[in-house]
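Student: Pasted the sequence and its predicted model underneath.
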Amino acid sequence: SSDLDTARTAWSQPVSLRDALRLVAPVDHGTLATPPDVPAGLPPATIDAARSLTEAIPGLTSLFASADDAAAVLGTLPEAIQRAESSSWLTAPALGQAYTAALVKRVGTVASGVRIVTPSTGTYTLASDNSPLPVTITNDLAVRVRVRVSVTTVNGLPGFSAQDIGVREIAPRTNVTLKIPVDVQRAGRFRVQAQLYTPTRDPLGAAVPLDRKSTRLN
């Protein structure tokens with residue numbers, strides 16, 4: 001974190017040293033006490049989790065159709081993540097890890113609220129080489145979201161391509177089937193998968209196989 005981090009929070013206000021000498025009255029805090037025997041730093045797992053959460057927030061924010069919706073769902077997550085990195089957890093590392101784990105679960109719940117529905121049969125059958133591929137997306141959240149969908153062959157095998165249909169908006173608590181234009185350049189079997197992304201191309205969940213049985217595309 002930079003020296004300006006605490007100048008950008010809701011609970012602090014920057015002040016110059018000259019103003020501080022003039023405005024802040026000195027307080028007698030008594031004699032210095034010997035610090036308790038605490039670890040030199042937070043557990044690596046806590047630091048790693050906080051870093052991952054911090055990196056995930058911008059992508060999750062882009063998921064929502066408006067700033068108000070993002071605030072309604074994410075709330076004070078950025079401040080909560082900052083709190084997870086507080087040195088106050090040094091004297092209670094187990095509580096700090098539990099707090100961070102709760103934040104990870106909260107972010108995971110938001111991210112998993114928008115996902116691709118796996119076909120009930122495990123496979124899609126296309127009527128022709130250029131038939132659109134239907135991909136159903138469910139939005140369990142109470143607000144509108146914006147997503148991208150990418151359809152590729154497993155392991156990047158050539159002979160099959162799908163168009164980028166751009167960012168699509170999904171209404172709250174609904175299922176929407178998007179028809180992805182595809183092009184099959186050769187006869188044969190293709191195993192394809194669909195990946196859901198935020199508008200900033202951060203993945204939402206794992207890729208979903210659309211052709212588990214390797215149906216022949218004619």
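Tutor: Noted; the coordinates are in hand.
Student: And the strands in this structure?
Tutor: 114-116, 133-139, 145-153, 160-162, 168-170, 174-180, 182-184, 192-197, 208-209 (DSSP state E).
Student: And the contacts of the first one?
Tutor: Spelled out, that is strand 114-116. Contact with strand 114-116 is made by 63, 135-141, 145, 147, 149, 170, 194-196, 204-205, 208, as judged by C-beta atoms under 8 Å, 6 or more residues apart in numbering. For the C-beta atoms, the positions are set from N, CA and C on the backbone; glycine is no exception.
Student: for the protein, which spans come out with low pLDDT?
Tutor: 1-12, 33-40, 121-130, 186-189, 211-218 (pLDDT under 70).
Student: Just the buried ones among the contacts of strand 114-116, please.
Tutor: With neighbours counted by 16 or more other C-beta atoms under 10 Å, the contacts of strand 114-116 contain buried members at 63, 135, 137, 139, 141, 145, 147, 149, 170, 194-196, 204, 208.
Student: Which of these sits closest to Ala49?
Tutor: Leu204 (18.9 Å; C-beta to C-beta).
Student: can I assume that closest one is in contact with Tyr197?
Tutor: Yes. Using C-beta atoms under 8 Å, Leu204 is in contact with Tyr197, at 6.4 Å.
Student: between those two, what contacts are shared?
Tutor: Residues touching both Leu204 and Tyr197 (C-beta under 8 Å, 6+ apart): Val147.
Student: Disregarding residues adjacent in the polypeptide, which is nearest to Ile81?
Tutor: Leu53 (4.8 Å; C-beta to C-beta, 6 or more residues apart in numbering).
Student: Check whether that neighbour really touches Arg83, as I assumed.
Tutor: No. In this structure, Leu53 is not within contact of Arg83 by C-beta under 8 Å, at 11.3 Å.
Student: quick one, which of these two is more surrounded?
Tutor: Per other C-beta atoms under 10 Å, whichever of Leu53 and Arg83 has more neighbours is Leu53, with 21 against 16.
Student: need the contact list for the more buried one.
Tutor: If you count contacts by C-beta under 8 Å, 6+ apart, Leu53 has them with 77, 81, 84, 100, 103-104, 107.
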